[in-house]
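**Student:** 3D, please:
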Amino acid sequence: MRKIAICVPTLASALGILLIASGVRQNPSDQKSGTTAERQQDWPVYGGSPENTRYSTLAQINRQNVKQLAVAWSYDTGEEGGLETNPLIVGGVLYGLTPTQKVFALDAATGKQLWKFDSGVTGSQPNRGLAYWSDGQDKRILVGVMNFLYALDASTGKPIPGFRTQGRIDLREDLGRTPASAQSIDLTSPGIVYGDLIIVGGRNPETLPAPPGDIRAYEVRTGRLRWSFHTIPHPGEFGYKTWPAQAWKASGAANNWAGMALDPGRGIVYVPTGSAAFDFYGADRIGDDLFADCLIALDAKTGKRIWHFQSVHHDLWDRDFPSPPALVTVKRDGKNVDAVAQTSKQGFVYLFDRSNGKPLFPMEVRKYPSSPVPGERASATQPLPRRPAPFARQLLTEELLTNRTPAAHQW
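**Tutor:** Here you go, the predicted structure:
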């Protein structure tokens, strides 16, 4: 059985905790509820925090003693298959998912199972994590199992009866496509909790037919739909003319599959979107195709667009954003600027002012050749950031190919 650290995505089906062998083991029950120390020990959100900083202030494990790590306990899911989950830890309880998307809760200090929930639906898609919500008394786990979003009692693991339909939402509904049962959407990245809302995207097919990638906010207590943002705009909405007429009825995707980030103070949720279907052919969606391949800043309370940036116009290469953004503070021209940093598949890092979307570094608009594919019309220009420098190679020449052997180089 492979032992793993709890905060790193892995392909193992067993979960392990590593502690300093010579260190003092702290029992979460010894802490006073609600203290700063307790909050610092938690990992209550996918990515560590709503801002997706993936950072903890805990310092007991450091560079000097990390070599002393030893296994304290392990938890075997009893299943085979890939496991990409980033577990949560709240108040001394670890919440996670098995490879087939059963939900479990463990005592984080001992690894003892507290409860396990089997929805009866066998998960076959990646599932990167879950969400936690509490109003101080009511505590809920909000988790996707394939096309369903469940609300579970965090203490017992049982579905909340008053949440939508017997404790779950069928995410194939509320998309404006009928029949709902014919739609394909899976919640592979957890939603973002803001106030009494859970904001979700979903994984859509990369070929047609595919439903639209609407961003939706549901009430945590009832499961009622509060708002939707149409990533394929409807008539009269901003961006509608960047698609062929009536595209919202038949085109698909432009979905948020990678996850989101939230600025709780500003009440802004930052949503990266995928490419439109088909991924590699767009003759039936001529135009820039907003809001595919975009970073969108939405009012988390209402779903209203505040600003957006489209990294690829009329994407024909599946170059959508592959990760949730990170909210950071950077020094620019001698001043601290609250920024949002978004990485791309091409190896770029885009930096924007969180409030208004203004790029912190100049953008270069480059011209590109037309497509030779019949009926296709590639965008004549694309925007690229001049800085920071890309973290992946942007040019491949014969001289850069492998020299492992002459034959390999020639091949």
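**Student:** Do you have the strands of the stretch 51-200 of the chain handy? List them.
**Tutor:** 69-76, 88-90, 93-97, 103-107, 113-117, 131-134, 139-145, 148-153, 168-170, 192-194, 197-200 (DSSP state E, counting those that start in this stretch).
**Student:** Dump the third one to PDB, keeping only the CA atoms.
**Tutor:** What it means is strand 93-97. In PDB, the C-alpha atoms belonging to strand 93-97 read as follows (Å, rounded to 0.1, in the frame of the first residue of the first chain):
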ATOM      1  CA  VAL A  93     -12.000  15.800  10.700                       C
ATOM      2  CA  LEU A  94     -10.700  14.800   7.300                       C
ATOM      3  CA  TYR A  95     -13.300  14.500   4.400                       C
ATOM      4  CA  GLY A  96     -12.400  12.800   1.200                       C
ATOM      5  CA  LEU A  97     -13.500  10.700  -1.700                       C
END
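**Student:** Local confidence estimate at the spatially most central residue of the chain?
**Tutor:** Of all residues in the chain, the one closest to the mean position by Cα atoms, centre = their mean is residue 259, 1.4 Å from it. pLDDT for residue 259: 97.
**Student:** for residue 125, same thing?
**Tutor:** So, for residue 125, pLDDT stands at 89.
**Student:** With residue 13 instead?
**Tutor:** pLDDT at residue 13 comes out at 50.
**Student:** same check, this time on the one 10 residues further on
**Tutor:** Residue 23 is assigned 40 on the pLDDT scale.
**Student:** Tally up the residues packed near residue 328, please.
**Tutor:** Neighbour count of residue 328, defined by other Cβ atoms under 10 Å: 15. C-beta: built from backbone N, CA, C; applies to glycine.
**Student:** For it, list each beta-bridge partner.
**Tutor:** Counting by DSSP bridges, residue 328 is bridged to residue 339.
**Student:** Could I get the contacting residues of it?
**Tutor:** Contacts were defined as Cβ atoms under 8 Å, 6 or more residues apart in numbering; by that measure residue 328 touches 51, 53, 339-341.
**Student:** hmm, 10 Å instead?
**Tutor:** Residues near residue 328 by Cβ atoms under 10 Å, 6 or more residues apart in numbering: 51-53, 337-341, 351, 354.
**Student:** how many other residues sit next to residue 139?
**Tutor:** 16.
**Student:** quick one: the residue nearest to the centre of the chain and residue 129, what's the gap?
**Tutor:** 8 Å (Cβ to Cβ, to the nearest Å).
**Student:** Turn the strands of the stretch 51-200 of the chain into TSV, columns for mean pLDDT and distance to residue 381.
**Tutor:** Listed next are the strands of the stretch 51-200 of the chain as TSV, based on pLDDT from 0 to 100; distance: least, Cβ to Cβ, whole Å:
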stretch	mean pLDDT	distance to residue 381
strand 69-76	95	51
strand 88-90	96	43
strand 93-97	97	42
strand 103-107	98	46
strand 113-117	98	50
strand 131-134	98	39
strand 139-145	98	37
strand 148-153	98	39
strand 168-170	98	40
strand 192-194	98	32
strand 197-200	98	32
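**Student:** Mind listing the shared neighbours of residue 259 and residue 129?
**Tutor:** With Cβ under 10 Å, 6+ apart, residue 259 and residue 129 have common neighbours 46-47, 86, 188-191.
**Student:** Adding pLDDT and neighbour count, write those residues out as TSV.
**Tutor:** Output for the shared contacts of residue 259 and residue 129, formatted as TSV (pLDDT from 0 to 100; neighbours: other Cβ atoms under 10 Å):
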residue	pLDDT	neighbour count
46	95	25
47	93	25
86	93	23
188	94	20
189	96	26
190	97	28
191	97	30
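**Student:** want to try a markdown table for those, with distance to residue 94 as columns?
**Tutor:** Formatted as a markdown table, the shared contacts of residue 259 and residue 129 follow (distance: Cβ to Cβ, whole Å):
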| residue | distance to residue 94 |
| --- | --- |
| 46 | 14 |
| 47 | 16 |
| 86 | 11 |
| 188 | 21 |
| 189 | 19 |
| 190 | 15 |
| 191 | 19 |
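**Student:** residues of stretch 308-328 that come out buried?
**Tutor:** Neighbour counts using 16 or more other Cβ atoms under 10 Å place 308-316, 319-321, 323-327 of stretch 308-328 among the buried residues.
**Student:** Please apply the same query to stretch 267-280.
**Tutor:** For stretch 267-280, by 16+ other Cβ under 10 Å, it's 268-279.
**Student:** measure it end to end?
**Tutor:** From its first residue to its last, stretch 267-280 covers 35 Å (Cα to Cα, to the nearest Å).
**Student:** and that stretch, how far out from the chain's middle?
**Tutor:** The chain centroid and the centroid of stretch 267-280 are separated by 11 Å under Cα atoms, centre = their mean, to the nearest Å.
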